[in-house]
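Could you work out the structure for the sequence below:
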Amino acid sequence: MKSKYKFKKLLAIAGTAIAGGIIFASAQGLHSVEMKMDPSSLSKKFEKDAKILNVSTFTVKEAWANGKNIYDLAKDLGISTSTLEANMKAIRESEIKAELSDLVSKGIITQAQADKRFEFLKNKIQNKIGENNSKGKWFKRNNVIKN
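Model prediction:
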């Protein structure tokens with residue numbers, strides 16, 4: 001009698017766990033596996049990655065189609081992690097400068113405010129890229145990318 005009860009209880013727990021997993025997986029949808037495939041966002045990502053790696057957008061698209069990310073492609077191209085991170089930082093800083101310059105030219109902020117904001121964001125970028133970046137740590141720890 002006790003073994004039947006234990007079996008039913010175990011079966012109920014297993015069923016609940018499986019059902020919960022299915023519901024969770026369906027609620028996550030494709031977004032948990034792959035980024036949204038918004039044409040404009042994806043096109044900008046390809047262009048930015050190509051600029052960072054100094055390759056054509058076609059090369060980036062081919063790598064993406066094969067399931068590779070920017071770190072994988074950089075590794076395939078023989079680009080070191082430090083070079084990749086320096087390129088990422090430089091591109092992001094130039095984007096920030098352009099955005100701040102636009103705000104200054106429209107009279108929304110002063111040049112002094114833009115300069116202060118740039119320094120703040122520059123420090124934030126420095127802390128995000130490299131060792132302080134959790135993805136960077138994972139890639140380095142798992143020998144996906146090396147310096």
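
Using the record's assignment, carve the chain into domains.
1-34, 38-141 (automatic domain parsing).

worst average pLDDT in those domains?
When these are ranked by mean pLDDT, domain 1-34 comes last with a mean of 57.

Name the helix or strand for the nearest residue to residue 87 once chain neighbours are set aside, please.
Nearest residue to residue 87, sequence neighbours excluded (Cβ to Cβ, 6 or more residues apart in numbering): residue 52, at 4.6 Å. Heads up, the C-betas are built off the backbone N, CA and C, glycines and all. Using DSSP states H and E, residue 52 sits in helix 39-53.

Packing partners of the helix or strand following that helix?
Beyond helix 39-53 on the C-terminal side, the first helix or strand identified by DSSP H and E is helix 57-65. In terms of contacts (3 or more Cβ pairs under 8 Å, 6 or more residues apart in numbering; DSSP states H and E), helix 57-65 is packed against helix 39-53, helix 70-77.

between the ones you listed, which one is nearest to residue 118?
helix 39-53 (19.3 Å; Cβ to Cβ).

what's the neighbour count on residue 79?
19 (other Cβ atoms under 10 Å).

give me every residue that touches it.
Residue 79 is in contact with residue 53, counting by Cβ atoms under 8 Å, 6 or more residues apart in numbering.

Same check on the one 4 residues further on?
If you count contacts by Cβ under 8 Å, 6+ apart, residue 83 has them with residue 74.

ok, so what distance separates it from residue 53?
10 Å (Cβ to Cβ, to the nearest Å).

anything in contact with each of those two?
Both residue 83 and residue 53 are in contact with residue 74, where contact means Cβ under 8 Å, 6+ apart.

and the gap between the nearest residue to residue 73 once chain neighbours are set aside and residue 100?
Closest residue in space to residue 73, ignoring its immediate chain neighbours: residue 63 at 4.3 Å, by Cβ to Cβ, 6+ apart. Separation of residue 63 from residue 100 (Cβ to Cβ): 32 Å.

go on, residue 112?
According to Cβ to Cβ, residue 112 stands 11 Å off from residue 100.

Comparing those two, which residue is more hemmed in?
Neighbour count, other Cβ under 10 Å: between residue 112 and residue 100, residue 100 has more, with 20 against 9.
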